[in-house]
Structures are given as structure tokens and as C-alpha cells.
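Peer 1: how would this look folded up:
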Amino acid sequence: MLIKVHATAVNRSDAAVRSGKPLLRPGRDGAPAAEVADPRHGGDGAIPALGCLRHADLREGRSILVYGASGSIGTAAVQLSRYFGGHLTAVCTAKSFDLMRSLGTDEVMLEDVLAATRHVESGQKIGNVVLSVAGG
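Peer 2: The predicted model follows:
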């Protein structure tokens, strides 16, 4: 399998320490993307998630799989992906399934290498974009 990496990420805290100024202010009319990225709403992962998703050309008719969807960058990526449109699959632990459903995912998969392998081997499409933000 050949994987082409378009971007990597650090979190908002890392970037803020380097810049010394806020990274993103709330948008007008409560835009979801701005809400997610607003540090007052715990938007620690929003800036790196947005940076990665900008390269993904995510829109209606395309799909994304977010691996590690329940972490800081992952939950931001899920919310931003929902905002951009397209089919959204979140991969996380079982305890985060309800959270992922509440954020509007189309599908939730258990974070399990064997399950993911079976998914691919069965011929099921993973997505036009795979965003892996699982830590550790």
C-alpha cells in the first residue's frame, strides 16, 4: 500500500506558544468551522485539523475516514468534515461511539486494526481521504 502524506500537524497550543498571538477568532454568524477553532470552545485541535482538511478537497460526493476521531484533532476534524460535506466515517474506541454520532458522523468504526483490515479486504471503500490523527 502506498500512502501519500499531504500534511502533518501540531496542536493549537504548540502553535500559540510559537506565535504569541491568537490563531483564529470566532467567525461571523456562528459559523461551525470558526466555532470549532475558537480556543474558548476547547479548539485545541482545530487549527491542525483545518490545515490537513484544506488539502483534502472534501465536498459533497467525496468521503473521509478520520482515524483517531475522538481526540483533540480528531473531534475537530470530524466537525470540520461535517461542515465541508461528504460522507464521514469516524474510527475510535467503543466508548466514543455516542460522541461521534452526536457530532454527525455517517459511520463509526471500532479502532481495531483487524477490523479495518477486514473492511479493506472485503472490497469496501475506506474513503477518498484518510486522516490519521491517532496519538501514541
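Peer 1: neighbours of S70, how many?
Peer 2: 22 (other C-beta atoms under 10 Å). Using the backbone N, CA and C atoms, a C-beta is placed for each residue, glycine as well.
Peer 1: measure it to R54 for me?
Peer 2: According to C-beta to C-beta, to the nearest Å, S70 and R54 sit 22 Å apart.
Peer 1: nearest residue to M100 in space, ignoring adjacent ones along the chain?
Peer 2: A90 (4.2 Å; C-beta to C-beta, 6 or more residues apart in numbering).
Peer 1: name whatever forms a beta bridge with the one you found.
Peer 2: Per DSSP bridges, the residues bridged to A90 are V66, V108.
Peer 1: pretty sure it contacts T105?
Peer 2: Yes. Counting by C-beta atoms under 8 Å, T105 is a contact partner of A90 at 4.4 Å.
Peer 1: pretty sure L65 contacts L131?
Peer 2: Yes. Using C-beta under 8 Å, L65 makes contact with L131 at a distance of 7.2 Å.
Peer 1: of those two, which one has the most company?
Peer 2: More crowded of L65 and L131, by other C-beta under 10 Å: L131, with 26 against 23.
Peer 1: okay, the more buried one: pLDDT?
Peer 2: For L131, the model assigns a pLDDT of 87.
Peer 1: so for stretch 129-136, what gets flagged as buried?
Peer 2: V129, L131, V133 (16 or more other C-beta atoms under 10 Å).
Peer 1: what's the top helix by length along the chain packed up against?
Peer 2: Ranked by number of residues, the top helix in the chain under DSSP state H is helix 72-84. Secondary-structure packing of helix 72-84 (3 or more C-beta pairs under 8 Å, 6 or more residues apart in numbering; DSSP states H and E): helix 32-37, helix 46-54, strand 63-67, strand 87-92.
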